[in-house]
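In: Got a predicted model here, sequence first, then my questions.
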Amino acid sequence: MKGVAITGMGIISSIGNSVEENYISLIENKIGISKIQNIPTVHADVIKVGEIKKTNEELVSELQLSENNNFSRTAMIGTLAAKQAVENAGITLINEFRTGLISATSVGGMDMTEKHYYDYFENPDLVKYISCHDGGDVAEKIASELGLKGMVTTISTACSSAANSIMLGARLIKTGKLDRVIVGGTDALAKFTINGFKTLMILSDDYNKPFDNTRKGLNLGEAAAFLVLESDEMVEKYNKKVLARVSGYGNANDAFHQTASSENGDGAYLAMKKAFEVSGLQPSEIDYINVHGTATPNNDLSEGRALLRIYEDGKVPDFSSTKPFTGHTLAAAAAIEAVYSVLAIQNSVVYPNLNFEIPMEEFELQPQTSLKMKNIEHVLSNSFGFGGNCSTLIFSKS
Amino acid sequence: MTKKTYINGVGCISTQKTFDTVFLEEAVVNTTETVLSIVSPVYKDYISPAAARRMAKGVKNGIVASALAMKDANVENVDAIITGTGLGCIEDSEKFLKNILDNNEEFLTPTSFIQSTHNTVGAQIALSLQCKGYNFTYVNGAVSFESALLDAKMQIEENEANSILVGGVDENGEYTLSLFKLAGRIKKENDLPSNILNTTSTGVVYGEGASFFVLENERKDSTYAEILDVEIRNTLEENEIESELITFLKVNNLEISDVDAVVLGFGGNIESDVYYKNLAENAFAKTPQLYYKHLSGEYDTASAFALWMASKIIKTQDIPEIVKVNSVTKPVYNIILLYNQVNGKNHSFTLLSK
């Protein structure tokens, strides 16, 4: 058996509050892109977002947090997803084995910082939120809600962050440093990122259209997803149900520009190449590619070129971006797409790349545009981020 | 066979003069400031002035510290770059956020947003070296740097990389510091102790810095030390530390008496320092004890300064008086243990040998 066993999953996104709800939305074309409600922003009428339609108050009560809690929204959705994953894996005593938590986030507690920035000095009740700004606080909160005392760390490499947390988790299991590890990522919507991407002029005012010639940019989203990885010894000893396996991974740097991808997709190409080396699989063995596909002009061109470098014969497997459903959930993106990849394997399904109409003029790549049922042994999932950070994961049927 | 991990080059930009010096001979203990700033290197020796103008302080310090480490190790390129940072490019985050709030989300330019991403330092180093290899950034408070170190060690052991640049970097941001003061994380001026070992108050003296290391899978003339092990634990109770450390040493076939020096993260916060005090007075009473945050200040990746210091000690076999907690000495300093935590969270054990 090759690869590291996945034994549990949890997710909350704009298309559902559980793994089941997300799956139903994916196969029934229920998208989560809408007008923003929870954050007051001057851009509300000109952007669309993948927002979780729960207020912070609702999340607090769902998590049964105390009145004086100082959870950021990022930490709350992260805790919800992580708890689901742990429960799904049938873990009851969290510290019974060497158990770790590897989280990922880009905004951390920015949602609270931007809300209270100037009020901290006026209102002593708000001071508790100062410490929730930094990225590590999110993992800290999740660990404490899970009662996990072992190794906890956080990766922040922009939009590839959660792919890297899954990668680190797989390596920690492979090297025997941990018996099991909860891996994933979480990012809430924030004015900070909305305005950041707005100034970069890569936000679409319409529904995002990955790999379409007329694509105008991305829709931001918020989500959290976590997966439980366990060693083969644990799986055998406790007869654990294996949902799928992490069979390949690779990270490379484009070393081209802080925010733009190189024209030939060097980083993306190298990341995929490494993932194939680790997995021992041939590119032709991949049945479905869940592309990064943010629908920005730059990403889709660069990613498409990289795919055509891997598939020199032009025979690219069925591929689609699920970002028309969820929006681009930044540091959480690779984790929610990991859950979608596992669901694709379990249910023998390729999700549609919604909103696609016209092929890009630069090449003849056509994503899968309708739901397709077929046996899926291996899924490749790409995630790329600022700083040239490129990551590829391969998931395989157990 | 698993490969061993050697520290073959070091570079440190800190609140002390830690470049163009031998080893802390010019170090000064501050007793009057609550926030310490780095002693700046001559940036133009490493970065073109045009490029430097666009770079955040942390990015510049990271580039210089990594260049120093690579020169020290005599390497031109590396297979991977792994960075730890608590708050990332906080100055740019502050700048962009302030513009959003002050201008009601209008008239914004992307520069500070682009630079605010946590992985900017690692990315800019990769860009300047044209290094297309593995590039991770860890952001988890006091174990940000140790996460990077552990990752690098795994890469070398598993033969995934032969040479890795690994570092810890954090920069002070003015507004964030004012919030930390408000939250009591930074000491009040009246509470500044003459020696952080005799503190009676909470809060710390804050600092900033960038320490980078070249790790390789072979011993060279430039080798400082071998990294035997790194362990990260999120939560440990006061009464669990000693037995956990003993177990950690045992896994590495060592006992407390084998440790030639222990580097403790005393930061001057009476509540947090209890963890070190117990060890210093009991298990490690007969071991040379060292501290460093009175020189570096406390910040998320201050423990990278400690690794720089411990590496130097093993190489030079000399312990500067200024970092000694007690007067115990050993004939040689071959095995050094580093222990750090902040407020009982994010514990790390790092073990070095000659």
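Out: Looks like it arrived, so ask away. Numbering: from 1, shown residues only, chains lettered A, B, ... in the order given.
In: what residues go with each domain of chain A?
Out: Domains of chain A are assigned by automatic domain parsing as A:4-237, A:248-396.
In: Quick one: low-confidence residue ranges for the chain.
Out: Using chain A here. Counting by pLDDT under 70, chain A shows low-confidence ranges at A:1.
In: my bad, the chain I had in mind was chain B
Out: For chain B, applying pLDDT under 70 flags the ranges B:1.
In: those strands in it, which residues are they?
Out: Secondary structure of chain B (DSSP state E): strands at B:5-13, B:80-84, B:134-138, B:163-170, B:209-216, B:225-235, B:261-264, B:289-290, B:335-342, B:345-353.
In: cool, the stretch 51-200 of chain A as well?
Out: With DSSP state E, counting those that start in this stretch as the criterion, the stretch 51-200 of chain A has strands at A:99-104, A:152-155, A:180-187.
In: how about those in a markdown table, adding mean neighbour count and distance to residue B:159?
Out: To be clear about C-beta, it is placed using only N, CA and C from the backbone, and glycine gets the same treatment. Formatted as a markdown table, the strands of the stretch 51-200 of chain A follow (neighbours: other Cβ atoms under 10 Å in any protein chain shown; distance: least, Cβ to Cβ, whole Å):
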| stretch | mean neighbour count | distance to residue B:159 |
| --- | --- | --- |
| strand A:99-104 | 30 | 22 |
| strand A:152-155 | 31 | 22 |
| strand A:180-187 | 33 | 22 |
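In: so which of these gets nearest residue B:294?
Out: strand A:152-155 (27.3 Å; Cβ to Cβ).
In: Now do the closest one: which elements does it pack against?
Out: On a contact count with 3 or more Cβ pairs under 8 Å, 6 or more residues apart in numbering or on different chains; DSSP states H and E, strand A:152-155 meets strand A:99-104, helix A:135-146, helix A:161-174, strand B:134-138, helix B:144-157, strand B:225-235.
In: which one of the ones you listed lies closest to residue A:32?
Out: Nearest to residue A:32 among those is helix A:161-174 (17.8 Å), distances taken as Cβ to Cβ.
In: so residue A:378 bridges to which residues?
Out: With DSSP bridges as the criterion, residue A:378 is bridged to residue A:396.
In: if I look at it, how far off is chain B?
Out: Going from residue A:378 to chain B by Cβ to the nearest Cβ, to the nearest Å gives 22 Å.
In: In contact with that residue, which residues are there?
Out: Neighbouring residues of residue A:378 by Cβ atoms under 8 Å, 6 or more residues apart in numbering or on different chains: A:247, A:279, A:281, A:285-288, A:394-397.
In: For stretch A:304-321, list every residue counted as buried.
Out: A:304-311, A:316-321 (16 or more other Cβ atoms under 10 Å in any protein chain shown).
In: Looking at the stretch 101-250 of chain B, which residue is nearest chain A?
Out: Distance from chain A to each residue of the stretch 101-250 of chain B (Cβ to the nearest Cβ) is smallest for residue B:123, at 2.9 Å.
In: helix/strand/coil for the residue nearest to that residue when sequence neighbours are not counted?
Out: Counting by Cβ to Cβ, 6 or more residues apart in numbering or on different chains, residue A:387 is the residue found nearest to residue B:123 once chain neighbours are left out, at 2.9 Å. At residue A:387 the chain is in coil, as set by DSSP: H, G, I helix; E, B strand; the rest coil.
In: Around chain B, pick out the residues from the stretch 151-300 of chain A.
Out: Selection of the stretch 151-300 of chain A residues close to chain B by Cβ under 8 Å from any Cβ of the partner chain yields A:151-158, A:164, A:168, A:171-172, A:174-175, A:177, A:191-192, A:195-196, A:198-200, A:251-259, A:266-267, A:270.
In: From these, keep the buried residues only.
Out: Buried residues within those, counting neighbours by 16+ other Cβ under 10 Å: A:151-158, A:164, A:168, A:171-172, A:174, A:177, A:191-192, A:195-196, A:198-200, A:251-256, A:258-259, A:266-267, A:270.
In: now the strands of chain B as JSON lines including mean neighbour count and distance to chain A?
Out: Shown next, in JSON lines, are those (neighbours: other Cβ atoms under 10 Å in any protein chain shown; distance: least, Cβ to the nearest Cβ, whole Å):
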{"stretch": "strand B:5-13", "mean neighbour count": "26", "distance to chain A": "13"}
{"stretch": "strand B:80-84", "mean neighbour count": "29", "distance to chain A": "8"}
{"stretch": "strand B:134-138", "mean neighbour count": "30", "distance to chain A": "4"}
{"stretch": "strand B:163-170", "mean neighbour count": "31", "distance to chain A": "10"}
{"stretch": "strand B:209-216", "mean neighbour count": "30", "distance to chain A": "16"}
{"stretch": "strand B:225-235", "mean neighbour count": "22", "distance to chain A": "4"}
{"stretch": "strand B:261-264", "mean neighbour count": "25", "distance to chain A": "21"}
{"stretch": "strand B:289-290", "mean neighbour count": "23", "distance to chain A": "25"}
{"stretch": "strand B:335-342", "mean neighbour count": "24", "distance to chain A": "10"}
{"stretch": "strand B:345-353", "mean neighbour count": "23", "distance to chain A": "7"}
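In: Output those in CSV, with distance to residue B:49 appended to each entry.
Out: As requested, the strands of chain B are exported to CSV (distance: least, Cβ to Cβ, whole Å):
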stretch, distance to residue B:49
strand B:5-13, 18
strand B:80-84, 24
strand B:134-138, 26
strand B:163-170, 21
strand B:209-216, 19
strand B:225-235, 36
strand B:261-264, 37
strand B:289-290, 38
strand B:335-342, 36
strand B:345-353, 37
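In: picking up where we left off before, of the contacts of residue A:378, closest to chain B?
Out: Chain B lies nearest to residue A:279 out of the contacts of residue A:378, by Cβ to the nearest Cβ, at 14.3 Å.
In: thought residue B:320 was touching residue B:21?
Out: No: no contact is recorded between residue B:320 and residue B:21 when judged using Cβ atoms under 8 Å, the distance being 11.0 Å.
In: Give the buried subset of the contacts of residue A:378 as a PyMOL selection command.
Out: Those of those that count as buried under 16+ other Cβ under 10 Å are selected in PyMOL with:
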select buried, chain A and resi 247+279+281+286+287+288+394+395+396+397
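In: Out of the contacts of residue A:378, list just those in helices.
Out: Counting by DSSP state H, the part of the contacts of residue A:378 found in helices is residue A:279.
In: Tell me the one among the contacts of residue A:378 nearest to residue A:77.
Out: Checking those against residue A:77 by Cβ to Cβ gives residue A:395 as the nearest, at 22.8 Å.
In: so who does that closest one touch?
Out: A:6, A:244-247, A:338, A:341-342, A:345, A:378-379, A:381.
In: which of the residues you listed tops the neighbour count?
Out: Tallying neighbours with other Cβ atoms under 10 Å in any protein chain shown puts residue A:338 at the head of the contacts of residue A:395, with 31 neighbours.
In: so which helix or strand takes in it?
Out: Per DSSP states H and E, residue A:338 falls inside helix A:333-347.
In: Check which residues of that helix are buried.
Out: A:333-345.
In: Could you identify the helix or strand that succeeds that helix?
Out: Downstream of helix A:333-347, the next assigned helix or strand under DSSP H and E is strand A:349-350.
In: What strands line up against that next one, and which way round?
Out: Counting by DSSP bridges, strand A:349-350 is paired with strand A:372-373 (antiparallel).
In: Check the offset of the strand it pairs with from the chain's centre.
Out: Offset of strand A:372-373 from its chain centre (Cα atoms, centre = their mean, to the nearest Å): 23 Å.
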